[in-house]
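Student: Make a model of this:
(chains A, B, C and D)
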Number of protein chains: 2
Amino acid sequence: MPKKTKATSVDIAYRAGVSQATVSRVLRGSPLVNIETRKRVEAVARELNYKVDRHASSLRTQRSGTLALLLFEDPTPDDSHINPFFLSMLGSITRACAKHGHDLLVSFQQLSDDWHADYENSMKADGLILLGYGDYLAYQSTLEQLVDQGTHFVRWGAVLPGQPGVSIGCDNFHGGQLVGEHLYALGRRQVAFLGDASNRYPEFFARYRGCGVALHDWHVTMDPSLQVDAESSEEAGYAAAQTLLARGKPFDAVFAASDLIAIGAMRALTESGLRVPEDVSVVGFDDIPMARFANPALTTVYQNTTRAGELLVEALLKQIRDEPIESQMIPASLIVRKSSGAVFSDM
Amino acid sequence: MPKKTKATSVDIAYRAGVSQATVSRVLRGSPLVNIETRKRVEAVARELNYKVDRHASSLRTQRSGTLALLLFEDPTPDDSHINPFFLSMLGSITRACAKHGHDLLVSFQQLSDDWHADYENSMKADGLILLGYGDYLAYQSTLEQLVDQGTHFVRWGAVLPGQPGVSIGCDNFHGGQLVGEHLYALGRRQVAFLGDASNRYPEFFARYRGCGVALHDWHVTMDPSLQVDAESSEEAGYAAAQTLLARGKPFDAVFAASDLIAIGAMRALTESGLRVPEDVSVVGFDDIPMARFANPALTTVYQNTTRAGELLVEALLKQIRDEPIESQMIPASLIVRKSSGAVFSDM
DNA sequence: CTGAAAGCGCTTACAG
DNA sequence: CTGAAAGCGCTTACAG
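Tutor: Below you'll find the model as predicted:
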């Protein structure tokens, strides 16, 4: 079957016996159209399966009706393993966009790529949503450029003073506190932390500090030699736990900066003959889908990704409309499962 | 800092002392430009951070340079739980698009939505990639409409004669065979199947038939009363296993049509006092990331999603260029882990 | 190798 | 409430 050539507003106008301008008014929902005229035009448009040409419309209005989601991670050997937490964020962002009548362009980038403002300058998108882990210091100048260029963007990440642009993030500090309190209540006193703990990775750092402060309230100090850097992956968690074990310092709990790290760490601990949670309590962060299926099921900190996606999209849309917006935090909550040694579980 | 107004090709032309047409030629990579002229124009373009306006360009060329990915699932109560398998497909499709210089528009849809051809008619995308589980019969007429309208699309799913359009899919039948042979080799003779097994869900059905044929080669018959319908979710797997148990018929193996079903089924089996794999071997399908972290680690069938994403994008791009394309299958391979009872494991 | 000009399909002041 | 007309920023035959 030969492809029919696409109908244009001129075709609709001709068939409906009106001007092309009136067709456009009907399709844009202008109130300045007689109800009868409107009905006639709508009927013809439906019959010809007419859809407004996005490019013509956007060229005229200078609005694309599209947001771009940039997922970035530090270069990883295996491209296909995107952090599952970001994947669920992607799901909720997609839905939030649809709800607000916008399309979503998705792109994966390396931090090193030169993507700044490309999307908005080329009119592909009206604004950007940035999502990913990466070195905040290396990244800062790129963000400042975006601000300077007047690019509309929001970021998922640490909510900090002095950060360029607007961020939506989890209350990582409080999440860390919840973990610290939980581990203390379980009788743990020697808490290790697996994950970067510096200004370069402020989300992890805030989790670390929160935990430390909670323990400190009970006069327990986190030993810095029980902290091992790790990016958010199962492999890094495995390696970090091995490093920790090799140091030979005793510990009775592991707070991993993310669930992936925790799952990798549990594997290393188990392989070394330690029992989780009997010998070591393990707690993660993110509550990714596989956390409940880990062995043992992983105690972790939950962040409402649906809400997060909504907030990101709403903030970006406001910014595009030149409304004032501010960074915002969503609450963290503890999900207790078997890996920390608690007697109850949600499984 | 006030936002500078976006530079246009006219601005570049003025600054470079050439016509706007020449600027366009340079930016399109036309060979009909003097090397000196080209360099001058490129320098100015870079300096002004100029990017070709996508809408103007697409309006003129009638090509959007964008593909749309439509992820659909039967309506589910919880929106945020997209099948992890599709999520990894999304990852590989995104990368494949980038590699081929195209953007990717992502949308989640209910099967009931009226999205057919909308993307292409509105010029938002040059073609569609369809990805999801759903009732093939309910869905068939929608696909036929797409074909009639000349919409460019490829689908991830069952590769079957008589299906409208082009599909890329896994060799589900062979995957099922691998599972049947594996279970037979483990000494299992009463194999239950959890998942729809009808023409409505041909992917699941092919897995079922493959397993049945493999066992039949060893003179083992799959008892139809050990088959229970289930869509691909942990909850459905849990419920299906309970139904199976309630039937009271003995079984020593469960082949689940997907990993999510398998994970739910293992939970139900364990709760009922059965041991996996000692009493019952469990095998899934898809090799989603959490399969290896399930308890016990799940034996499953792997499909190379990176390759699948590549094939989908390449096929669609060919179709858009009016080159001939055909449906294609990618191989299935068995990943043996603990849940089936094998003595070795990849963990 | 380069420029002038037409035109892609809309939206929206402007005039009536 | 409706139409004629300008113009959004490109690409590409056409002419030189």
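Student: So is the helix or strand in which A:Leu67 is found next to DNA strand C?
Tutor: If you go by DSSP states H and E, A:Leu67 is part of strand A:66-73. No - Strand A:66-73 lies out of reach of DNA strand C by CB under 7 Å from any atom of the strand, never closer than 14.7 Å. Placement of C-beta: from N, CA and C, glycine included.
Student: Which residues does that strand contact?
Tutor: A:82-83, A:86, A:90, A:93, A:97, A:102-111, A:113, A:115, A:119, A:124-134, A:313, A:316-317, B:105 (CB atoms under 8 Å, 6 or more residues apart in numbering or on different chains).
Student: can you tell me which of these are in helices?
Tutor: Among the contacts of strand A:66-73, DSSP state H puts A:Phe86, A:Leu90, A:Ile93, A:Cys97, A:Tyr119, A:Val313, A:Leu316, A:Leu317 in helices.
Student: What is the nearest of those to A:Glu326?
Tutor: A:Leu316 (13.0 Å; CB to CB).
Student: how close does that closest one get to DNA strand D?
Tutor: 22 Å (CB to the nearest atom of the strand, to the nearest Å).
Student: I figured that residue hits A:Gly127, correct?
Tutor: Yes - with contact defined as CB atoms under 8 Å, A:Leu316 counts as touching A:Gly127 (4.7 Å).
Student: of these two, who's got more company?
Tutor: A:Leu316 (29 against 21; other CB atoms under 10 Å in any protein chain shown).
Student: Tell me who's in contact with A:Asp287.
Tutor: Counting by CB under 8 Å, 6+ apart, the residues that A:Asp287 touches are A:Asp259, A:Thr300, A:Val301, A:Tyr302, A:Gln303, A:Ile335.
Student: what about the helices in the stretch 101-250 of chain A?
Tutor: For the stretch 101-250 of chain A, the helices defined by DSSP state H, counting those that start in this stretch occupy A:118-121, A:136-148, A:172-185, A:202-217, A:234-247.
Student: Put together TSV for these, with mean pLDDT on each row.
Tutor: Formatted as TSV, the helices of the stretch 101-250 of chain A follow (pLDDT from 0 to 100):
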stretch	mean pLDDT
helix A:118-121	82
helix A:136-148	83
helix A:172-185	97
helix A:202-217	96
helix A:234-247	94
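Student: can you list the ones you listed in JSON lines and add mean neighbour count and distance to chain B?
Tutor: Listed next are the helices of the stretch 101-250 of chain A as JSON lines, based on neighbours: other CB atoms under 10 Å in any protein chain shown; distance: least, CB to the nearest CB, whole Å:
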{"stretch": "helix A:118-121", "mean neighbour count": "22", "distance to chain B": "4"}
{"stretch": "helix A:136-148", "mean neighbour count": "15", "distance to chain B": "6"}
{"stretch": "helix A:172-185", "mean neighbour count": "23", "distance to chain B": "19"}
{"stretch": "helix A:202-217", "mean neighbour count": "22", "distance to chain B": "21"}
{"stretch": "helix A:234-247", "mean neighbour count": "21", "distance to chain B": "8"}
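Student: Of the ones you listed, give the one that comes closest to B:Pro161.
Tutor: helix A:234-247 (41.5 Å).
Student: Skip the chain neighbours and tell me the closest residue to A:Asp135.
Tutor: A:Arg200 (4.7 Å; CB to CB, 6 or more residues apart in numbering or on different chains).
Student: quick one: the nearest residue to A:Pro250 once chain neighbours are set aside from B:Leu48, how far?
Tutor: Distances taken as CB to CB, 6+ apart place A:Gln190 nearest to A:Pro250, at 5.8 Å, with adjacent residues excluded. Going from A:Gln190 to B:Leu48 by CB to CB, to the nearest Å gives 58 Å.
Student: where along the stretch 151-300 of chain A do the strands fall?
Tutor: A:153-156, A:166-170, A:191-194, A:227-228, A:253-256, A:281-283, A:300-303 (DSSP state E, counting those that start in this stretch).
Student: got those as TSV, with mean pLDDT columns?
Tutor: Conversion of these to TSV gives the following (pLDDT from 0 to 100):
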stretch	mean pLDDT
strand A:153-156	94
strand A:166-170	94
strand A:191-194	98
strand A:227-228	97
strand A:253-256	97
strand A:281-283	97
strand A:300-303	96
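Student: Quick check, the residue in the stretch 51-200 of chain A closest to chain B?
Tutor: A:Gly150 (3.0 Å; CB to the nearest CB).
Student: list residues touching both of A:Leu316 and A:Gly127?
Tutor: Contacts common to A:Leu316 and A:Gly127, judged by CB under 8 Å, 6+ apart, are A:Leu67, A:His152, A:Phe153, A:Val154.
Student: quick one: the third one and A:Asp126, what's the gap?
Tutor: By that I understand A:Phe153. 10 Å.
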